[in-house]
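Undergrad: Everything below, folded, please.
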Amino acid sequence: MANPLLEDYRIPPFDKLTPLALDEGDEAQRAQARLQNEEIAGYFKEALEVAIRDAESRLAIILSKPASFENTIKPFDTLFYEFDRLICILNHMSSVRATDILDEVDPLIRDGISSNKQRIVQNSDLIALFRQVARPESGENRVFYDLCYNTNFRDNGAFLGADEQRRLAEIDRELSELGSKFATNLKKATIAEAVLFINESDLEGLDQATRKKLEDDAKDNEKT
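TA: This next block holds a predicted model:
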């Protein structure tokens, strides 16, 4: 099947990215679940590679033009578009699912996005172009310029020395790993503490919409 993460979608194709439980069914079913989960992990890894190439292509266009607000600063609005789209999908899935395959792929994708953003923004030719662009005096362009300076260049260590950049990369990698572990542990703890209702009579007093929501949540977490 084609990678759903590479489709031109408006709503993420979550129905094609749902990991299966590995502790249900017979051996053949568990083996099939493992294969499907490995395929989903492959989708994310391939999407990361595509996102890296997309950002590098956008960077090349910026570097090919003379420095100006329109040529150098404004393109940052879409420079990391594929990275941002991928991390949004991963954030959502990690918040509602707790599976081994997501635990494995989550830190790989986050670290890959963080390290490649840093590598691109720390490009010396890009920094040189940025320095040639005067800060707008006021208005939306000034706000965007400051945002670009702070969130893209400064926060990614563009103006640090080589040793400091390496140290920043180490810190960001550690933060990425800790963030992934925290999100996974939080989700697992939430599921572990969930109350499982066996008898529908225990839900007396709840409207049908609320009951349907509880039922869907239970299915999402393999608790039915």
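
Undergrad: Which parts of this protein are strands?
TA: With DSSP state E, there are no strands along the chain.

Undergrad: Now do the same contact list for the residue nearest the centre of it.
TA: Nearest residue to the geometric centre of the chain (C-alpha atoms, centre = their mean): Ile87, 1.3 Å. The contact partners of Ile87, by C-beta atoms under 8 Å, 6 or more residues apart in numbering, come to Ile109, Arg110, Ile113. From N, CA and C alone the C-beta is placed, and that goes for glycine too.

Undergrad: I'd like to know which of those are part of helices.
TA: Judged by DSSP state H, these include Ile109, Arg110, Ile113 as members of helices.

Undergrad: The second one and Leu90 touch, don't they?
TA: Yes: proximity of Arg110 to Leu90 meets the contact threshold set by C-beta atoms under 8 Å, at 7.4 Å.

Undergrad: Who are the contact partners of Leu129?
TA: So Leu129 contacts Ile62, Leu63, Ala67, Thr72 (C-beta under 8 Å, 6+ apart).

Undergrad: try Gln29
TA: Contacts of Gln29 (C-beta under 8 Å, 6+ apart): none.

Undergrad: List the buried residues for the longest helix seen in the chain?
TA: In the chain, assigned by DSSP H, the helix with the most residues is helix 27-63. Under the neighbour-count criterion of 16 or more other C-beta atoms under 10 Å, helix 27-63 has 33, 37, 40-41, 43-44, 47-48, 51-52, 54-55, 58-59, 62 buried.

Undergrad: ditto for stretch 117-125
TA: Lys117, Gln118, Arg119, Ile120, Val121, Gln122, Asn123.

Undergrad: what residue ranges in this protein are flagged as low confidence?
TA: 20-25, 96-100, 191-198, 213-214, 216-224 (pLDDT under 70).

Undergrad: Now do Lys117 against Asn185, distance only.
TA: Distance, Lys117 to Asn185, by C-beta to C-beta, to the nearest Å: 26 Å.
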